[in-house]
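Chemist: Requesting a structural model of the entry that follows:
(2 chains)
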Amino acid sequence: MSAALIKKFRESVFEIFSNAVLHSKTKLGIFSCGQYFFRQHLLDFSVVDLGVGIRRNVRDHTGLDLSAEEAIVWATKGRNTTKRGPIPGGLGLKLLTEFIGLNGGRLQIVSEAGYWCQQKDQIRTARLPLPFPGTAVSLEINTADKQSYVLSSELKDSDIF
Amino acid sequence: MSKNVTLSILEVVGSPLCVASDDGQKVHDRIAAALKEGQSVTVSFLNVTSLTSAFLNAAIGQLYSSFSEEDIRSKLKVTDLQPDDRALLKRVVDTAKEYFKDPERFKDAERATSRDS
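Modeler: Numbering: from 1, shown residues only, chains lettered A, B, ... in the order given. Have a look, this model is predicted:
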């Protein structure tokens, strides 16, 4: 894997873990596993919590009564966040979807009865017949990707604030 | 003339992996303390190898709950950012500005800040 891809992958995994820590309210822990399929140039990594699920989090913090899969769609949109208080949010899942779109990989999210999947830049949702008691986020990346992931436009430090 | 202080993210967090919200909170508290004393702050990301939006939201985005955009623009500088991390920080800052435009969220932020002080 290129240095740029390793950095992006590592940061994506950390973003997923952060989401589980910040949002899941899990009392039973956060679990992860992964596998590298070297012949297919695929690296899979899953992070699972047994927490409250996205639908309930969205309902409790925003009042929106969405279906389980609609709640996942809502959560992946930039600027949407259930956070209240002094620390802002709403970027984590959006960043993941952008990375997967560029990498040509796959991102799957299961939360309660909601299923959401992005393959390259195509998105599919479904209702599961039996709900999963928490949230599972699975990342699959194309390890042959050689992109630099650096914006072509020049951004200076003085442009940030 | 205000005093200028330089803060090393690596030194505050103790690791080149700057990914957890709790570590971001430590950085925020150091920056906020200096800004409250009227100091200018330069935040160095030298030797930081991983950043997440969760960390940056807590470290930098949160500053917009207590300080005006003008104050932050005039008194806060960043340095030693890799190009993709600079782009990420810019997005975190833009998102934070939008976040605190919501009056309900801003009230929650003010309530939380006065509870902690």
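
Chemist: quick one: is stretch A:52-61 near chain B?
Modeler: No. Judged by C-beta under 8 Å from any C-beta of the partner chain, stretch A:52-61 makes no contact with chain B; its nearest approach is 10.5 Å. Every C-beta, even on glycine, is put in place using the N, C-alpha and C of the backbone.

Chemist: List the buried residues of that stretch.
Modeler: A:Val52, A:Gly53, A:Ile54, A:Arg55, A:Arg56, A:Asn57, A:Val58, A:Arg59 (16 or more other C-beta atoms under 10 Å in any protein chain shown).

Chemist: Measure how far the top helix by length along chain A is from the centre of its chain, please.
Modeler: As assigned by DSSP state H, the longest helix anywhere in chain A is helix A:3-23. Relative to its chain's centre, helix A:3-23 lies at 9 Å (C-alpha atoms, centre = their mean, to the nearest Å).

Chemist: Buried residues, that helix. List them.
Modeler: Buried residues in helix A:3-23 (16+ other C-beta under 10 Å): A:5, A:7-9, A:11-23.

Chemist: Likewise for stretch B:95-103?
Modeler: So, applying 16+ other C-beta under 10 Å, buried residues of stretch B:95-103: B:Thr95, B:Ala96, B:Tyr99, B:Phe100.

Chemist: what about dumping the CA coordinates of that stretch to CSV?
Modeler: Extracted in CSV, the C-alpha atoms of stretch B:95-103 (Å, rounded to 0.1, in the frame of the first residue of the first chain):
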residue,chain,number,x,y,z
THR,B,95,-18.2,22.9,10.0
ALA,B,96,-17.7,24.3,13.5
LYS,B,97,-18.6,27.8,12.3
GLU,B,98,-21.9,26.4,10.9
TYR,B,99,-22.5,24.3,14.0
PHE,B,100,-22.4,27.3,16.3
LYS,B,101,-24.7,29.3,14.1
ASP,B,102,-27.5,27.1,15.4
PRO,B,103,-28.8,29.1,18.4
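
Chemist: contacts for it?
Modeler: A:78-79, A:81, A:83, A:88-91, B:57, B:60-65, B:69, B:105-106, B:109 (C-beta atoms under 8 Å, 6 or more residues apart in numbering or on different chains).

Chemist: Show the buried residues in the residues you listed.
Modeler: A:78, A:81, A:83, A:88-91, B:57, B:60-65, B:105, B:109.
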